[in-house]
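In: The following comprises the amino acid sequence and a computationally predicted model.
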Protein chains: 2
Amino acid sequence: MALLSDEDLDAALTERREWTRVGNAITREFEVQDFVTAIAFVNDIAVVAEERNHHPDLLISDYKKVTVTLTTHSEGGLTINDFSLAGAIDMLGAGYA
Amino acid sequence: MALLSDEDLDAALTERREWTRVGNAITREFEVQDFVTAIAFVNDIAVVAEERNHHPDLLISDYKKVTVTLTTHSEGGLTINDFSLAGAIDMLGAGYA
């Protein structure tokens, strides 16, 4: 799994407009209905993360916000795995919008 | 629900030695076995939080860390509710140690 080139990174970020690059990671904040819904969403993300053996940082804050942060620790930066999982999380998140 | 006085706050922090005061909040980091265990722990915390209608911020990071942050938003600071929930979370956390 190679780090994305600057060019590929730009293309990937263009495709995932809701995500923001922060250093070696990408992050997106979701707002759902309430705390219980936030926990349910985190559980859904966890299933997909575990299946892929690719584990985001997940923050539940302010009762109903879920912030997802992705990076590829083993490579020290962003790989296609991060954007693939971001895409899967976007699809899950659409179910909570 | 009143904010704790400085004196009561000192006493409460002495009782909850694993928790650190950060501004208007208290925080504790737990390290568990793995990501799935971290998610299970977060679910356990969520049940207790929802029962009490007192909702911490919960961060799952680095595969197996769970950071809990407590404050009483309605009061703009720390109340006995925060330390009561901290105690309940410490008991849950002992089951994951």
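Out: All right, it came through fine. Numbers count the residues shown, from 1 in each chain, chains lettered A, B, ... in the order given.

In: if I read this right, residue A:71 contacts residue A:78, doesn't it?
Out: Yes - in this structure, residue A:71 is within contact of residue A:78 by C-beta atoms under 8 Å, at 6.3 Å. Where C-beta positions appear, they are placed from N, C-alpha and C, glycine not excepted.

In: Mind listing the shared neighbours of the two?
Out: A:24, A:25, A:26 (C-beta atoms under 8 Å, 6 or more residues apart in numbering or on different chains).

In: what about the last one, how many neighbours?
Out: To tie it back to what came earlier, the one meant is residue A:26. 24 (other C-beta atoms under 10 Å in any protein chain shown).

In: Report the beta-bridge partners for it.
Out: Beta-bridge pairing of residue A:26 under DSSP bridges involves residue A:21, residue A:70.

In: Distance of it relative to chain B?
Out: Per C-beta to the nearest C-beta, to the nearest Å, residue A:26 is found 15 Å from chain B.

In: For that residue, list the residues it contacts.
Out: Here residue A:26 is in contact with A:13, A:16, A:19, A:20, A:69, A:70, A:71, A:78, A:82, A:83, A:86 (criterion: C-beta under 8 Å, 6+ apart).

In: Give me the packing partners of the lengthiest helix in chain A, helices and strands only.
Out: The longest helix of chain A (DSSP state H) is helix A:35-52. For helix A:35-52, the packing partners by 3 or more C-beta pairs under 8 Å, 6 or more residues apart in numbering or on different chains; DSSP states H and E come out as strand A:57-61, strand A:65-70, helix A:80-94, helix B:35-52.

In: Now for the nearest residue to residue A:62 once chain neighbours are set aside: which residues touch it?
Out: Distances taken as C-beta to C-beta, 6 or more residues apart in numbering or on different chains put residue B:57 closest to residue A:62, at 7.4 Å, once the chain neighbours are dropped. For residue B:57, the contacting residues are A:59, A:60, A:61, A:62, B:68, B:69, B:70, by C-beta under 8 Å, 6+ apart.
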